[in-house]
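Student: Need coordinates for the below:
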Amino acid sequence: MAKRPRIAVVGSANIDLTTFTDQFPKPGETIFGQKFDLGFGGKGANQAVAARLCGADVFMVARVGSDLFGPAMIENFKKLGIDASQVKQVPGLSSGVAPIFVDPHGQNRILVVKGANDAVKPADVDAAANMLKTTDCIVLQFEIPLETVYYTVAFARKHGIRCILNPAPGQPVEMRALAELDYLVPNESEAESITGIRVRSVEDAKKSAEKLLAGGIRRVIITLGANGSLLAGRDLKEHLPAFPVKAVDSTGAGDAFIGSFAVFLAEGLPEREAVRRANLYAGLSTTGVGTQKSFYDRERFDAEWAAQSKTNSVSVST
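Tutor: So this is what the prediction gives:
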């Protein structure tokens, strides 16, 4: 490894409450689920854990509640070796929670209750400024207030720090606030929420990416689930296929992609190579149940990458 990246995540921390079920209840109906899993989650925390497991030094800027989940989340960061000095409890607020429902095909439906995540403010970014200035990359999501997201993007731009934004959950955005953003990484539905263009194919993704790039963003990566991802810039549009895996639970796959991509890029890998590796890392995360605990560490990933590189030829469409 050429260098040990330093990645900061300004974002959310939740408790995931995952229910596996053969069907979803109708209004007023009670049914039995198949099994239940409780774990640490939140898009920001998930991306931080993925980056840490991939070998980076990781710093988290977040807020948790004054309930029993808050200290547990802070302790989880510390246990994983993530710097949690900028993760604080907020009196009077609950921690963020995410009830997740997974069908037999591994597809999920998620309802996020933001709780203390809504208390991450621009002032908290300023309080962490000295730490943020030492990092190779700042990673953001939409589970904290948009004003804080825009402020952090501007902070990164001002100080010449690479910035990756995952616009999830999808919602309309102020494109001017994202001008010159290094990477916007939505999935199909998130891209549609921003551009209004329905994304059901690689060609749809190219059209959506064109609109995002026209808004001033430098690079767009649209993750396409089992179809891999589309890497787009003003000078390229390249479809990078997924690697074959047996998916069990797709929860957190997008977070696995973003956290690992930030590390691979910060290590100095070529952009296309970083995306390909992130495709595999995300795919591998779907072979286990849950979010953070389904992520591979670097040793396991490197072994799988070596094996997959030998057995799978990669075709590319432009």
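
Student: The nearest residue to V202 once chain neighbours are set aside sits in which helix or strand?
Tutor: Closest residue in space to V202, ignoring its immediate chain neighbours: H239 at 4.9 Å, by C-beta to C-beta, 6 or more residues apart in numbering. The C-beta positions use only the backbone N, C-alpha and C, and glycine is treated the same way. Assigned by DSSP states H and E, H239 falls within strand 236-240.

Student: Kindly report the same for V139.
Tutor: V139 is located in strand 137-141, with elements delineated by DSSP H and E.

Student: quick one: strands adjacent to that strand?
Tutor: Each strand paired with strand 137-141, and its direction, by DSSP bridges: strand 6-10 (parallel), strand 162-166 (parallel).

Student: just to revisit the earlier point, for beta bridges, what are the partners of the residue nearest to V202?
Tutor: L230, S317.

Student: pretty sure it is in contact with A232, am I right?
Tutor: No: here H239 does not reach A232: they are 9.6 Å apart, not a contact under C-beta atoms under 8 Å.

Student: more crowded one of the two?
Tutor: A direct count of neighbours by other C-beta atoms under 10 Å for H239 and A232 places A232 higher, at 23 against 20.

Student: give me phi/psi at E188?
Tutor: When read as degrees, to the nearest 10, the backbone of E188 gives phi -60, psi -50.

Student: To clarify, my last question referred to F24.
Tutor: phi -100, psi 140.

Student: can you pull the contacts of the closest residue to it other than its chain neighbours?
Tutor: Sequence neighbours aside, F101 is the residue nearest to F24 in space, at 6.5 Å (criterion: C-beta to C-beta, 6+ apart). Residues near F101 by C-beta atoms under 8 Å, 6 or more residues apart in numbering: T18, T19, T21, F24, N108, R109, I110.

Student: Regarding the first one, what is its secondary structure?
Tutor: Going by DSSP: H, G, I helix; E, B strand; the rest coil, the secondary structure assigned to T18 is strand.

Student: quick one: it from G233, how far?
Tutor: Per C-beta to C-beta, to the nearest Å, T18 is found 36 Å from G233.

Student: So if I had to pick from these two, which one is more boxed in?
Tutor: More crowded of T18 and G233, by other C-beta under 10 Å: T18, with 23 against 16.

Student: All set, thanks.
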